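**Student:** Sequence and predicted structure below; questions after.
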Amino acid sequence: MRWRKVFETNEYGKIDRIIWYDQESVIISGQGRRARSLRYADGLEVWQLAATTTNTNSNQDTVAKHCQVIKNRYDPGTIHILSDDLLWSVSSYGEMLWSIEIPIKSTLKNLFLLSTSQYVIVGSLDSNSNQLQVTYYSKQDGQQAFSSSLPWSFNAKDSLNKCSTMNNLILCSNNEELSIITIPTTTDDTNVKTRHIKASSKIEQIRILYESTTRSVILIKSDNGETKIYQFNKKESTSEWDFNELNIQMKSNSFISIATDKNLAGQQILEASANDQKLNFHVSTINEQTLTNTRSYSVELPENMGEIEYLAYSVVKNTQLVTLRMQDGSLLVIKLADNGAELILHRDEALSSIISVETFDLSLSITQMRIEEEFGGTGMFSMFTKRISSQVSQLISFFLRLLDLFTHGNRNRDYLDKQAALVRDEFNLNKILIVVTSVGKVFGILTQSGGILWKNFFPNFAPFEHFNAVHVPLFHIRSAAHYTHEPLASIVYRDRNSLHDTHIRTFNPYTGDLENNLTTSSLPYHVKRVFLSTQAVDEFCKVLLFVDTNNKIHTYPSVPLSRALSTTIPTYIYLFDKSEQAFVGYYLSIDENDQKTSTNLKEVWRVSFQNEEVINIHTRLSSDRVHSAGIVLGDRSVLYKYTNPNLIAVVTEGIDYQKVPFVNIYLLDTVTGSVKLSHTHKRVKSPVHIVLSENWIVYTYYNQRYRRYEAVSSSLFEGEAQYNYSTFSSFDPIEPVIQSKAYILPYGVNAIQVTTTEKGITSRDIIMATPNGMLIEIPWILFDPRRPLDLTPMDREEGLIMYTPEIMVNFESVINYYKYVYNIRGIHTVATGLESTSIVFAYGLDLFFTRVFPSRIFDQLKDDFDFMIIGWSTVAFVVGSFVAKRFASIHQTKKAWK
Amino acid sequence: MIVAGKLISTFDDTTDDSILLNFEDNVIDGKFSSFAKMNIRLSRQSKIELAPSRTILSLQYKRLIEEFQLNSHSYYTLKVIFKRRLLQDYTMTSIPLCLILQAQFHYTINLFINENGYINSAFILTNNSTCSFSNLSTLELKNDLIYKVPLNLQFNNLGPQPETQHFLEKLKREREAKLNAQENDNRPFILKYWKYLLPIVVIFVLQSAFTDGGR
């Protein structure tokens, strides 16, 4: 990749249209309010222009704007942009030619933008009189020249969805009919002509394939799959057009693109269609009414990529290039040559839309497995025989390896290295990441190299909606801990075509192979929530539990609930009802001898949020470990933590009685439905990013009043005495003591997460992704709500840091150095076999993986550890001790003779 | 929790700052029935004693103990129906029945009230979190049980703000203290450091005296 430019994450980064020139392209974004030019050679932004508008009504920002961008065909260096009430023209070299505001009303909406050699024409729909007002503005200075009107039968929504513009034509589809309305281009000619084309069935889509001042080609697609192509030719010295149908037979799923080149005799038309793992192309030259010189190509794809979503055909220096975007997000560039088609570029762009991540340990090596087996026996005799047999086999394999080394040398080295990468290392640092993308492609990625091990594409995939985001439940059905069985992962998703149908796909995370016994596409109920069983059922496999729309709980695969869930520890489930803005808690009572595979839930609590809207729910990581029950204070007493594992964080938004917007953060106990913490922040804007771990919560938001990002940290404590040191119950009569502090953040926040370690002994760090591409590792101690303003010797003894309102970020804590990663949506952290080490995987537009050491490397030797010095000094000491012993004995003997 | 006095500012412009509460529980035949009703004013009260309109007869109490012995997973559920302005909704919470029986219907209700004066959630606290059959069976009841239920109102806390002002004041204080220390210490050099100078002078004097004596 030569260069890349990341646009803004707000509306100004959303591209409306790109206009291609020879050296650079002009990009219109932000609903027609920004224009900028990028140079192909180096990606340099040559110029940028912002629309000048006097209308600063903030309400308009929330209303979807309508925007049209056209390149003037008679003067290709001029671009006209219509953005609701604003009409402006820019030149391709970055000059704003003129800008005018067109008055709009609720009954008058600007819809169409056309251009001629002299005028820019705006078609506005007057819904009162059902007339289309056509206003002509001078191309030079934007002065209104004249206007006319014509009767119009479509409403505003239909006009936007069903109509397209081309030169001085407006094309509108009306069921089986296509109306072609010719707009006069001069003052002398006021004759509006309307002609019709009949289709065999309802027209679904009109697409303009090619447009010039004299010729245009359009495609009409009907809902019965029939596709027709029409060619338009301009009549000489008039503003009228002749059209004729091109004689072309097309498949229903094929895409069409047209290329023109100065060197080509005519225009070339490319028809492309996808068929399983094969792409078929037909290239023809367009003659008067027929296609000639048709050549066919086909290319075998490395994997199933679904249907074609976008196609562009271009001829660059006599090389025919086809660019495609496939349904699975792949970007393909295919070169068509006389000797056939060749795939020259394939990029998995789906990786920029990751929505779920899970990590699996790699499998044990054969030697490690033998060690597991060696100590696996029960009886004394069996243990002895196992030990002997495994040691004999170890000896044999050692000799075989030696023999192989002598006979074959390093010939198999590459293969062996590849195999070694798939085997668990000594400290379990390397893992396999399973990522699910929003287009339905699942990848297995090795953390050691970042290489893609396997990928699977599910064409009928649709993710579940989760507040403003999408998500796909991804579960560890069987972990890698059971070395005799392969691990299994399951994803649950909806059907693309019928959203009530749920699919379950279970696969081996090492190979991506589907486990057909645990894969289904027909659940007989509508799923409301899914979670994993607490108990393993058959062959160390956990089962999926589904709550259906009738609040009944089911297991998949079908097993008695008493086997899937613990019968001694009660199970509580909460559901959120969006229409009532209420959380409802349910209790699941299971009898030990019960063989039922589904049961009804019993409502035990309800928490309702009136006049505020729940915008997010955050749960703690399932891997969260709490190592110590309290904090030792400076006076050697203990402050006990309130570590309630049943807490969830709920974020709500609302407007108070003074019309001030607020954001509320609640900590909700999901067993009793009680609120353990509630914070109101006024004049604050979401998104609120949350980390919930141990006995503390850290959340960030944007403060509109001070225009800065802030973080709030709260810790919950039981106090100086612990209610129950062995177990925790939500029914314990504990009222937690809350300590909170707020801090100013130096950067904005895209995502935050906390590091995870195996036992939770290592101190915690907060990993924060910022909009400027940095991943910052901040010790939690800086967020500690107990940081005092005035530091006493007691606080110093405890190791507290003095409170400063701003969190100072040291540039050394940027864990990605200068490898900036943009638009990060989530951070995934996993523990490794080393207590000091946590794995961090950040995903968004870019992916980043690293290891962090929150308490430094306390359980490893450093890389620069001098083994030679320690070795030689040991040898020297041994030799020295022998020499000293010898001298001592001589000395003793001499002393005895004296 | 915000104290009641502070709350007045939150609700003072609303003329109808009262909430009508209806408390129901499921002790009689497992169905919800009301045991107390009251009207509370948000700006004034935060701790209220509930006046229940129902008592638990000793027979009912005995039946509840029997029911619990049959199904140890039975729950005591409290439903709080609230009406404020035109809106009516309810919140609910549960606790193992055994805890309530053990506490003989003496428990605390915590009600959480949100920014706009609506009730978010309810929570019951008894003085214990474990109970056993043996505890229950030893409880002998001669009279009817009277609910003893204090009600706690908990309001949304205002989230913390960065303590910039305090921090700046502290810096200012420190700076002033430093300046004062400097200002006070404008004595001459000898007066300021005589403690350090004196031993050196003494040593010199002694040394010269000894060397002279040596001659």
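**Tutor:** That came in fine, so what should we check first?
**Student:** State the pLDDT value of the residue in the stretch 251-400 of chain A that chain B sits nearest to.
**Tutor:** Residue nearest to chain B within the stretch 251-400 of chain A: residue A:355 (30.0 Å; C-beta to the nearest C-beta). For the C-beta atoms, the positions are set from N, CA and C on the backbone; glycine is no exception. With respect to pLDDT, residue A:355 has a value of 95.
**Student:** next one: residue A:167
**Tutor:** What the model reports as pLDDT for residue A:167 is 84.
**Student:** quick one: contacts for it?
**Tutor:** Counting by C-beta atoms under 8 Å, 6 or more residues apart in numbering or on different chains, residue A:167 touches A:73, A:114, A:211, A:213, A:216, A:234, A:241.
**Student:** filter those residues to the buried ones?
**Tutor:** For the contacts of residue A:167, a neighbour count by 16 or more other C-beta atoms under 10 Å in any protein chain shown gives the buried set as A:73, A:114, A:211, A:216, A:234, A:241.
**Student:** returning to that earlier point: the contacts of residue A:167: which two are farthest apart?
**Tutor:** A:114 and A:234 (14.1 Å; C-beta to C-beta).
**Student:** and residue 35, what element?
**Tutor:** You didn't say which chain, so I picked chain A. Secondary structure assignment for residue A:35, by DSSP states H and E: strand A:34-39.
**Student:** Chain B, not that one
**Tutor:** Assigned by DSSP H and E, residue B:35 belongs to strand B:31-41.
**Student:** For the chain, which segments count as helices?
**Tutor:** All of this is about chain A. Using DSSP state H, the helices of chain A run over A:59-62, A:156-162, A:366-374, A:380-408, A:413-421, A:561-564, A:793-798, A:867-897.
**Student:** actually it's chain B I care about, not the one you picked
**Tutor:** Assigned by DSSP H, the helices in chain B fall at B:4-11, B:58-70, B:97-102, B:133-138, B:164-184, B:189-192, B:194-214.
**Student:** how about those, which one is nearest residue A:771?
**Tutor:** helix B:164-184 (23.4 Å).
**Student:** Output that closest one as PDB, nothing but the C-alphas.
**Tutor:** Only the C-alpha atoms of helix B:164-184 are listed here, as PDB (Å, rounded to 0.1, in the frame of the first residue of the first chain):
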ATOM      1  CA  THR B 164      -9.300  22.000  39.800                       C
ATOM      2  CA  GLN B 165     -10.200  24.800  42.100                       C
ATOM      3  CA  HIS B 166      -9.100  23.000  45.300                       C
ATOM      4  CA  PHE B 167      -5.900  22.000  43.500                       C
ATOM      5  CA  LEU B 168      -5.100  25.600  42.400                       C
ATOM      6  CA  GLU B 169      -5.900  26.900  45.900                       C
ATOM      7  CA  LYS B 170      -3.500  24.300  47.300                       C
ATOM      8  CA  LEU B 171      -0.800  25.400  44.900                       C
ATOM      9  CA  LYS B 172      -1.400  29.000  45.800                       C
ATOM     10  CA  ARG B 173      -1.200  28.100  49.500                       C
ATOM     11  CA  GLU B 174       2.000  26.300  49.000                       C
ATOM     12  CA  ARG B 175       3.500  29.200  47.000                       C
ATOM     13  CA  GLU B 176       2.400  31.700  49.600                       C
ATOM     14  CA  ALA B 177       3.900  29.500  52.400                       C
ATOM     15  CA  LYS B 178       7.200  29.400  50.400                       C
ATOM     16  CA  LEU B 179       7.200  33.200  49.900                       C
ATOM     17  CA  ASN B 180       6.400  33.800  53.600                       C
ATOM     18  CA  ALA B 181       9.300  31.600  54.500                       C
ATOM     19  CA  GLN B 182      11.600  33.500  52.300                       C
ATOM     20  CA  GLU B 183      10.300  36.900  53.500                       C
ATOM     21  CA  ASN B 184      10.700  36.000  57.100                       C
END
